[in-house]
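S.K.: got a structure for you, letters missing:
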């Protein structure tokens, strides 16, 4: 009798998406580190690949392991 074990990833990696004008694009998969660096975020995946993405966090969905970024908001005129 053969016994098959299906391994399901149950760790904390995330997929990062960038949303602009209603269009969502995948930026990176298997992200294990998101570190703010001023107005950009340093993304690092399981393999150590790095990417800098400018934007702001719109949503973090822990259930689906996703991080959604959007464009930076332009400062309004009254904020100087």
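M.R.: Arrived safely, thanks for sending. All figures in this text were calculated on a predicted structure; none of them were measured in a lab. Numbering: from 1, shown residues only.
S.K.: Please make it C-alpha for all contacts and neighbour counts, starting now.
M.R.: Will do.
S.K.: List phi and psi for residue 73.
M.R.: Comment: the main-chain dihedrals of residue 73 come out as phi -80, psi 130, following degrees, to the nearest 10.
S.K.: can you list the weak-confidence ranges in the protein?
M.R.: With pLDDT under 70 as the threshold, the chain has low-confidence stretches at 1-11, 76-80.
S.K.: where do the strands sit along it?
M.R.: With DSSP state E as the definition, the chain shows strands at residue ranges 14-20, 23-37, 40-45, 50-54, 56-61, 66-70.
S.K.: Residue 66: neighbouring residues, count only.
M.R.: Residues contacting residue 66 under the criterion other Cα atoms under 10 Å number 19.
S.K.: got it, and residue 19?
M.R.: By other Cα under 10 Å, neighbour count at residue 19 equals 16.
S.K.: Just list whatever residues bridge to it.
M.R.: Taking DSSP bridges as the rule, residue 19 bridges to residue 24.
S.K.: which of the strands of the chain sits most buried?
M.R.: By mean neighbour count, with neighbours taken as mean count of other Cα atoms under 10 Å, strand 66-70 ranks first of those at a mean of 20.
S.K.: Excluding sequence neighbours, find me the nearest residue to the residue nearest in space to the middle of the chain.
M.R.: Centroid-nearest residue in the chain, with Cα atoms, centre = their mean: residue 16, separated by 2.5 Å. Counting by Cα to Cα, 6 or more residues apart in numbering, residue 16 lies nearest to residue 67, which is 4.8 Å off, once chain neighbours are set aside.
S.K.: surely the one you found meets residue 55?
M.R.: No - checked against Cα atoms under 8 Å, the pair residue 67 and residue 55 is beyond contact range at 11.9 Å.
S.K.: Spit out the residues that contact the two alike.
M.R.: Where contact means Cα atoms under 8 Å, 6 or more residues apart in numbering, no residue is in contact with each of residue 67 and residue 55.
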